[in-house]
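Trainee: this one's sequence-less:
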């Protein structure tokens, strides 16, 4: 008896070549379905687990390039049918919602109440909450509001055996039981498929403005450090290389320079003070030009967030270091890319020490360009690790994934991670092979 | 039984312990052990021995020794915990981190601190202060409690409304695993690939391993602080004012409330100038840039007045600010003066349900004939009802615990939680089914099994006692005064 005769799940069908767009790193799943309820999803997972099949969850499909190519791709589960608001009480500043809802629709819902979910990952409009959480995607606003681990207060997941369980709750302060929210965030769905999330919300800042400043590297490092040690509290602080600045802000900071974008927000009075102080601070740190943009600058910041993602067969590297080394990390990426002959668009979350490099070989992928980028990855990673950080290949063509470890060595902690996976998904049902060390 | 054989062989065990931590690093006579059989909660259990390691290597050796001897072990910071997290429930070794109390680095450039677990919370902020930085989580016990204990319990404090709790500020750990191996998780850099073990360990109440080093965030000290105190005729009015403040897109650093019984207790001990017929006092603290605070304070004062505040005072100086806080900070002590004992309950409810839940708590008070005072973090819905009773009266003690469980049930019914910051420990482990299904708990058990399959690491905590269904009356030995 084949699996499709037993399952009554919405949208269940065998895939065909017409479904190429659903392939994960070139691997086309055998079946696809779009559960209309948590119960349906639970049934699929339970059956797959029993039959030793591999399940790959998919939300908005915006970050499917993360991780190793799947070791099993029997069933692709589309979660976008699970998008119901469970509970939204504005006075509580909390939201409980199914994980297949997109961040775009959530922000519209919340905005009507003067609130927002303080996550601004790339491709926010189409990204589902579940996908954002599973991939721990973040954006420029993480400086002020933190990342998923600071905003998720409850999760409901379908476990590998199909059983539905929850962790945390719907209240903002909660220490009852293990904080499994943290385990699920960034786990790429390997220990449970997130089906419902509770979030802590923030009120929208009453007033906002953005400052753009062009800097030579030393000046930028000094400006960043001074601003981060001040009580001015910027919402976001991103640095862009000239090519990134051109595409994100249509600004040319000049060769060898960086464009530093500071997003400021607060009450009207606080904002006036921030703008004045940051302008002065940038000027005295050697900014060659400072541009003041009033208001939320929503489109600019959406492009800023989107820039940290890969188009087509581009490579996206994420290199994280302690914050004081962020400017050095950008310089390192610039140098290594130049040496590899690889045009690179670079971006740094200066308050978080997280930098991104978007790479694309000018004449497409060949054995030579793959080799050059693989060598670049190894060198950049060695540098990052020596700085106390890490490098993750967030997106790459499968041919490059065959040559590099996309996650890097996680060290002695791997034993614990394996033990967790063994306990929570002993049969490797969920996203088999895609996470660190092919867990 | 393993524990018994270990007991009879005690001198040999002690000799082995001394070989690891030195003679001055072990306590094992009955007199000394009696001092370590309790923490800030009401339970008691005596360890076989108390050890005071001074290094990660020693902690690792102690864990390996406990495994060889098949005895459990429990970590202890300052013993200020309120849910029995540091009580060696099944005996065994009590591993005190009192001598691992070095601040290893204040890394100003990276806004990070690296500390040993025995560092007292307040000391860390004091060490960061000369650089204009602070460590944010500020539990009321911050003068005594340790950062390691805070990590174990995921402690909060009044200022966490805006800045988050311990887990939000903990980004790296060194951990001695239950097999004695040492790992590091996270670090000064963010976004380490792999499962977020740091996040999983924070708040795990010392049941997954022993934390031996902590990397925390430091943040710039706010430029200015403004404190307001508003007095309300009813708790409902004060709660409406809280909702209005949040609705006005203002997130204060702290939003604390006290009810009439607390107000009267304060006025009887160290008067703070609250009218004794007021039903609620709301304390609001704003942090930010000095340019904005006057205006924000005015707006909050107006919102309070619109919600029938009888009076609103804004502190004009540090001295006045301290005076406004004095009542809140002295609240527990003041309650202690009007009752032989009190039981501190920790629960969380959605902010919008506060007035209903407080009404319900007053109904329990009438129904069970016990006075209940309320001091709580109104901004995040974290309640701390204090049930007043006499521990020498066994019947009253039993009723008190019953009221505590009833309050937990109410919190659960409105979608809240059993604990906002004190932990589950051995106080509420049998109440866990109020908010978690068997399936939920089973996932947590699997996590425990992944790390501590032999269950020697702080056993008897967090999880409901096997074989027990939901027990509304928490199991207790003889209650002690506290």
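Mentor: That came in fine, so what should we check first? Keep in mind it's a predicted model, so treat the numbers as computed, not measured.
Trainee: Surely residue B:429 touches residue B:459?
Mentor: No - counting by C-beta atoms under 8 Å, residue B:429 does not reach residue B:459; the two are 11.0 Å apart. Every C-beta, even on glycine, is put in place using the N, C-alpha and C of the backbone.
Trainee: The two: which is more packed in?
Mentor: Neighbour count, other C-beta atoms under 10 Å in any protein chain shown: between residue B:429 and residue B:459, residue B:429 has more, with 26 against 21.
Trainee: Flag every buried residue along the longest helix seen in chain A.
Mentor: Taking DSSP state H as the criterion, chain A has its longest helix at helix A:367-386. Neighbour counts over helix A:367-386 (16 or more other C-beta atoms under 10 Å in any protein chain shown) mark A:369-370, A:372-374, A:376-381, A:383-385 as buried.
Trainee: Now flag whichever of those residues is closest to residue A:259.
Mentor: Set against residue A:259, the nearest of the buried residues of helix A:367-386 by C-beta to C-beta is residue A:380 (21.8 Å).
Trainee: distance of that closest one from residue A:374?
Mentor: Taking C-beta to C-beta, to the nearest Å as the measure, residue A:380 falls 11 Å from residue A:374.
Trainee: can you list the weak-confidence ranges in the stretch 301-439 of chain A?
Mentor: The stretch 301-439 of chain A contains no residues with pLDDT under 70.
Trainee: how about the helices in it?
Mentor: Ranges of helices in the stretch 301-439 of chain A, per DSSP state H, counting those that start in this stretch, are A:326-339, A:367-386, A:398-401, A:414-424.
Trainee: Make CSV from those helices and add distance to chain B to it.
Mentor: Below are these laid out as CSV (distance: least, C-beta to the nearest C-beta, whole Å):
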stretch, distance to chain B
helix A:326-339, 10
helix A:367-386, 8
helix A:398-401, 15
helix A:414-424, 4
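Trainee: Tell me which of those sits nearest to residue B:304.
Mentor: Set against residue B:304 and scored by C-beta to C-beta, the helices of the stretch 301-439 of chain A come closest in helix A:326-339, at 42.9 Å.
Trainee: For that closest one, buried residues please.
Mentor: Neighbour count says helix A:326-339 has A:326, A:327, A:329, A:330, A:331, A:332, A:333, A:334, A:336, A:337 buried, by 16+ other C-beta under 10 Å.
Trainee: In terms of secondary structure, what does that helix contact?
Mentor: Contacts defined by 3 or more C-beta pairs under 8 Å, 6 or more residues apart in numbering or on different chains; DSSP states H and E place helix A:326-339 against helix A:217-228, strand A:236-240, strand A:315-320, strand A:344-349, strand A:354-359, helix A:367-386.
Trainee: Adding distance to residue A:38, write those out as CSV.
Mentor: Listed next are the helices and strands packed on helix A:326-339 as CSV, based on distance: least, C-beta to C-beta, whole Å:
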stretch, distance to residue A:38
helix A:217-228, 42
strand A:236-240, 35
strand A:315-320, 32
strand A:344-349, 34
strand A:354-359, 33
helix A:367-386, 39
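Trainee: re the thing from before, how distant is the longest helix of chain A from the center of its chain?
Mentor: Mean-position distance between helix A:367-386 and its chain equals 22 Å (C-alpha atoms, centre = their mean, to the nearest Å).
Trainee: Let me know the helix or strand that the residue in chain A positioned nearest to chain B is in.
Mentor: Among all residues of chain A, residue A:182 sits closest to chain B, at 2.7 Å; criterion: C-beta to the nearest C-beta. Element membership for residue A:182 (DSSP states H and E) is helix A:180-184.
Trainee: any idea of the mean pLDDT for the helix or strand that that helix is followed by?
Mentor: Counting by DSSP H and E, the next helix or strand C-terminal to helix A:180-184 is strand A:193-200. Across strand A:193-200, pLDDT averages out at 98.
Trainee: what helices or strands is the helix or strand that strand A:193-200 is followed by leaning on?
Mentor: Sequence order places strand A:202-203 as the next helix or strand after strand A:193-200, per DSSP H and E. Counting contacts by 3+ C-beta pairs under 8 Å, 6+ apart, strand A:202-203 packs against strand A:115-116.
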